[in-house]
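Enquirer: Sequence plus predicted model, see below.
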Amino acid sequence: MSNFVLDGRTMQDHFWGIGRYAYNLALALAQQAPQDNFRVLYNPNAKNTRFDLARLGAQPNIHLQPFPANAFSAREQTLAFDRMLLRDAALYHSPYYALPYALPLPTVVTLHDVTPLVVPEAMPGAAKRFVYRALHQLVARRAAHIITVSNAARADLMTHLRLPSSKLTVVPSAAFSLSAPPSLQTIERVRASLNLPPNYIVYLGINKPHKNLARLVEAFARVKTDAALVIAGHWDARYPQALDFVREHGMQERVLFRHDIAEPDVAPLLSGATAFVFPSLHEGFGLPPLEAIALGTPVVCANVSAIPEVVGDAALLFDPFDVAAIAEAVSRVLQDTDLRAALRKRGLAQAAKFSWGRTAQATLQVYRATLTQ
């Protein structure tokens, strides 16, 4: 029996993808290793409307441990000297590049991507990117081992942080852990609550520049369809380009912005869509397209970084730098019912290759290998 510490402070509204990773990994680790104990840290002061911490706490081998410190705060560093929080722990796992640097035990870190180093516009400001790179290099040196989520992300880490391949292990993430697909009644309830038309294509994610939403709405302006484009997810007011384009071109009835979708409504939103579109310029993994295909929603998405690795042959791919190519792909998936049926079938088969159980098993292998180094 081993005692592992998983830093779950990203299980809060501020962290969309990484929080989902930490939450689902914690649950799966507990289920896959009932002989081990998992101390899961969380920040009780952080806003959390998305993650059911009570469900985690109900697992017999999970102990929820409050630690009210934000990422990159001075107080975060005090964790390294807190004997009560680290008592009897064999290993510490951080799912994010913020961690206490003086931890007195082996540390595994998950680095999902280094997108700002690959696509600089993802983090405007050379000074910010310098700090970002320096923090990643510091964490990489501190970690006994690094997990990343795709072969593409692994290549990026080796190139931009000059990490040796021996220090990196690819452990893919997974999609929703649903007991059953959303019912038609649930899909209709969510559609009505969000005031959406019956026919819509959806994007899910944040609106940072590398997500490429400005090109997406420009492309959608060229698409002749009665379907609406729904842009859902967390909205960062610093990047209004897509919204500005919609307003300037009078597309408010064609392009609908729905911010901060409640977690229980995400799967019904994706399930009810005619198709899912994902134009991102760079991803370490690309969780939203995988979640869409797992729900049987046809996907049309960018052909860059880790995205083709995740979706396989189950999506219609396009060049995300080419507005005309985006428009053509979106038009095709909306107009061709046979194509959508084929993508739906291939998507379900592709999504079955990923599961949080497999993710947890591979993560446990990394833990055990790290402890024997």
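Expert: Nice, I can see it. Residues are numbered from 1 along each chain as shown.

Enquirer: From here on, just use CA atoms for contacts and neighbour counts.
Expert: Noted.

Enquirer: what does the lowest-mean-pLDDT helix or strand in the chain contact?
Expert: Ranked by mean pLDDT, DSSP states H and E, the helix or strand of the chain with the weakest confidence is helix 83-86, at a mean of 88. Helix 83-86 is contacted from outside by 5, 65, 79-80, using CA atoms under 8 Å, 6 or more residues apart in numbering.

Enquirer: Which positions within that helix qualify as buried?
Expert: Neighbour counts over helix 83-86 (16 or more other CA atoms under 10 Å) mark 85-86 as buried.

Enquirer: likewise stretch 99-106?
Expert: Quick answer for stretch 99-106 (16+ other CA under 10 Å): 99-101, 103, 106.

Enquirer: which SS class is R50?
Expert: Following DSSP: H, G, I helix; E, B strand; the rest coil, R50 is assigned to coil.

Enquirer: Tell me if I'm right that it and D265 touch.
Expert: No. Taking contacts as CA atoms under 8 Å, R50 lies outside contact range of D265: 10.4 Å.

Enquirer: For A89, pull up the helix or strand it's in.
Expert: Using DSSP states H and E, A89 falls within no helix or strand.

Enquirer: Would you mind measuring from it to H14?
Expert: 28 Å (CA to CA, to the nearest Å).

Enquirer: So which of the two has more stuff around it?
Expert: When neighbours are counted by other CA atoms under 10 Å, A89 and H14 differ, and A89 comes out ahead with 19 against 13.

Enquirer: Beta-bridge partners for the residue nearest to that one when sequence neighbours are not counted, please?
Expert: Nearest residue to A89 in three dimensions, chain neighbours excluded: N3, at 4.9 Å (CA to CA, 6 or more residues apart in numbering). For N3, the beta-bridge partners under DSSP bridges are N37.

Enquirer: Can you tell me how far N3 is from Q365?
Expert: In terms of CA to CA, N3 sits 15 Å off from Q365.

Enquirer: what about these two, which has more around it?
Expert: In this view N3 and Q365 are compared by other CA under 10 Å, and N3 has more residues nearby, 19 against 11.

Enquirer: Contacts only, for that one.
Expert: Counting by CA under 8 Å, 6+ apart, N3 touches 36-39, 88-91.

Enquirer: let's go with 6 Å and repeat that
Expert: 37-38, 89-90 (CA atoms under 6 Å, 6 or more residues apart in numbering).

Enquirer: out of those residues, who's nearest S193?
Expert: F38 (37.9 Å; CA to CA).

Enquirer: Quick check, the closest one in contact with I62.
Expert: Yes. With contact defined as CA atoms under 6 Å, F38 and I62 form a contacting pair (4.8 Å).

Enquirer: Restricting to C-alpha, output the helix or strand hosting I231 in CSV.
Expert: For I231, the host element (DSSP H and E) is strand 228-233. Extracted C-alpha coordinates of strand 228-233, given in CSV (Å, rounded to 0.1, in the frame of the first residue of the first chain):
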residue,chain,number,x,y,z
ALA,A,228,-26.4,28.8,-36.0
LEU,A,229,-22.8,28.7,-34.8
VAL,A,230,-22.7,28.5,-31.0
ILE,A,231,-19.5,29.6,-29.3
ALA,A,232,-19.6,28.1,-25.7
GLY,A,233,-17.1,28.1,-22.9
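
Enquirer: partner strands of it, parallel or antiparallel?
Expert: Partners of strand 228-233, by DSSP bridges, with direction: strand 200-204 (parallel), strand 255-259 (parallel).

Enquirer: moving C-terminal of the first one, what's the next helix or strand?
Expert: Towards the C-terminus, the helix or strand next in line after strand 200-204, according to DSSP H and E, is helix 213-220.

Enquirer: Show me what that following helix packs onto, helices and strands only.
Expert: helix 241-248, helix 323-335 (3 or more CA pairs under 6 Å, 6 or more residues apart in numbering; DSSP states H and E).

Enquirer: Name the residues of the helix or strand hosting Q185 that are buried.
Expert: Q185 belongs to helix 184-193 when assigned by DSSP H and E. In terms of neighbour count (16+ other CA under 10 Å), helix 184-193 has its buried residues at 186-188, 190-191.

Enquirer: Right, I'll leave it there.
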